[in-house]
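Student: Please find the sequence and the predicted model below.
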Amino acid sequence: MNSGIVFAVLAGAIWGGVILAPSLLPEFNAVLISSVRFALYGLISLLVALPIASRLLSRLTRRDALMLLRLSLTGNILNYALLGASVQLSGVTAAALINGMMPVAITYLGRRDAGSLPLTKLKLPLLLVFLGIVSVSLEHSTTAASTTSLSTRLLGLACGFSGVICWSWYATHNARYLKQSHFNSSEWSTLLGIVTGIVAIVFGIAALMLFPNLVPAQVEHRRWMALLWVCLFLALCGSWLANGLWNACSRRLATSLSGQMIVFETLFACVYGFLFSQRVPGLMEVTSIVLLVGGVVWAAKRHQGVSVKVAQS
């Protein structure tokens with residue numbers, strides 16, 4: 001269990017930076033950013049898979065391929081397009097806070113999985129996590145961008161919540177499949193990357209055919225290079241590396257615990273935001289961080305007894 005938590009913290013440290021990325025590219029549509037990111041992720045995964053391609057393909061079943069297709073679309077393409085839209089429409093803070101609701105959503109969806117604790121035994125740790133998110137929301141509610149209209153912010157919030165639904169479904173189904181899969185975490189991440197790359201290209205082409213204005217006009221060459229470098233970081237670190245770490249976490253932890261580990265993404269996003277703005281957190285922000293960490297640590301302690309029993313059995 002301890003190694004699973006370490007993998008989750010490392011994945012959260014990377015994904016915290018991923019949340020900030022769309023704000024660095026305001027002139028580019030979130031759908032375009034998502035398509036380029038995951039097309040590069042597919043290319044990287046394909047290069048990694050070349051030495052073992054024949055071995056992977058020989059073990060790949062139709063059921064595996066269908067699951068990879070569903071996971072690619074929900075957990076990668078749609079999720080990040082919705083997250084990027086949320087960041088650009090309602091701001092980084094609001095998007096990070098909405099993402100912080102994932103521990104509750106994933107714990108609920110995985111409540112019947114093997115090794116998971118019933119919600120009645122996790123209500124107090126989940127309450128701490130919820131209070132931590134609410135406290136940050138109250139802190140930043142008065143500092144929301146006044147230049148953004150209410151309808152725009154509401155649309156951004158709707159995109160954020162839709163992204164939470166997509167990734168929560170992905171996290172629970174991916175964890176269940178991995179626990180009985182004949183692929184290890186690295187192999188599964190590589191296969192997921194290849195399928196995601198194919199889906200991203202098809203998704204991007206279809207989006208451009210329906211909405212030609214997704215590609216902005218009169219953008220400087222250096223901004224296109226910025227898009228390429230940011231998407232390359234997102235593909236290599238935010239997708240290939242972080243997904244492998246999260247798969248390793250999902251194999252080792254019960255779903256009701258691994259779901260709460262995603263809170264580290266929110267924590268690191270807040271920390272990076274403080275560093276980027278060169279300021280120290282306020283009292284309410286410190287309180288929220290303590291509540292978030294406290295809820296996750298409390299949940300981990302509740303799971304220790306269950307982990308020991310499962311290991312012994």
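Tutor: That came in fine, so what should we check first?

Student: The stretch 201-313 of the chain: helices as residue ranges?
Tutor: 221-233, 242-252, 255-261, 263-277, 283-312 (DSSP state H, counting those that start in this stretch).

Student: Point out where the stretch 1-150 of the chain drops to low pLDDT.
Tutor: Across the stretch 1-150 of the chain, the ranges flagged by pLDDT under 70 are 92-93, 96-97, 100, 110-119, 133, 136-148.

Student: ranges for the helices of it?
Tutor: 2-24, 30-49, 53-59, 62-71, 79-90, 92-99, 102-109, 119-141, 150-179.

Student: closest one to Ser186 among the ones you listed?
Tutor: helix 30-49 (8.7 Å; Cβ to Cβ). No exception for glycine: its C-beta is placed from N, CA and C like everyone else's.

Student: send the alpha carbons of that closest one over as PDB?
Tutor: Provided in PDB are the C-alpha atoms of helix 30-49 (Å, rounded to 0.1, in the frame of the first residue of the first chain):
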ATOM      1  CA  ALA A  30      -8.900  23.300 -25.600                       C
ATOM      2  CA  VAL A  31      -9.900  20.700 -28.200                       C
ATOM      3  CA  LEU A  32      -6.900  21.600 -30.300                       C
ATOM      4  CA  ILE A  33      -4.500  21.300 -27.300                       C
ATOM      5  CA  SER A  34      -6.000  18.000 -26.300                       C
ATOM      6  CA  SER A  35      -5.700  16.600 -29.800                       C
ATOM      7  CA  VAL A  36      -2.100  17.600 -30.300                       C
ATOM      8  CA  ARG A  37      -1.100  16.400 -26.800                       C
ATOM      9  CA  PHE A  38      -2.600  12.900 -27.200                       C
ATOM     10  CA  ALA A  39      -1.400  12.500 -30.800                       C
ATOM     11  CA  LEU A  40       2.100  13.100 -29.500                       C
ATOM     12  CA  TYR A  41       1.400  10.700 -26.600                       C
ATOM     13  CA  GLY A  42       0.400   8.100 -29.200                       C
ATOM     14  CA  LEU A  43       3.600   8.600 -31.200                       C
ATOM     15  CA  ILE A  44       5.800   8.300 -28.000                       C
ATOM     16  CA  SER A  45       3.900   5.200 -27.000                       C
ATOM     17  CA  LEU A  46       4.400   3.700 -30.400                       C
ATOM     18  CA  LEU A  47       8.100   4.300 -30.400                       C
ATOM     19  CA  VAL A  48       8.300   2.700 -26.900                       C
ATOM     20  CA  ALA A  49       6.300  -0.300 -28.100                       C
END
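
Student: Mind giving me the packing neighbours of it?
Tutor: Secondary-structure packing of helix 30-49 (3 or more Cβ pairs under 8 Å, 6 or more residues apart in numbering; DSSP states H and E): helix 2-24, helix 79-90, helix 185-210, helix 221-233.
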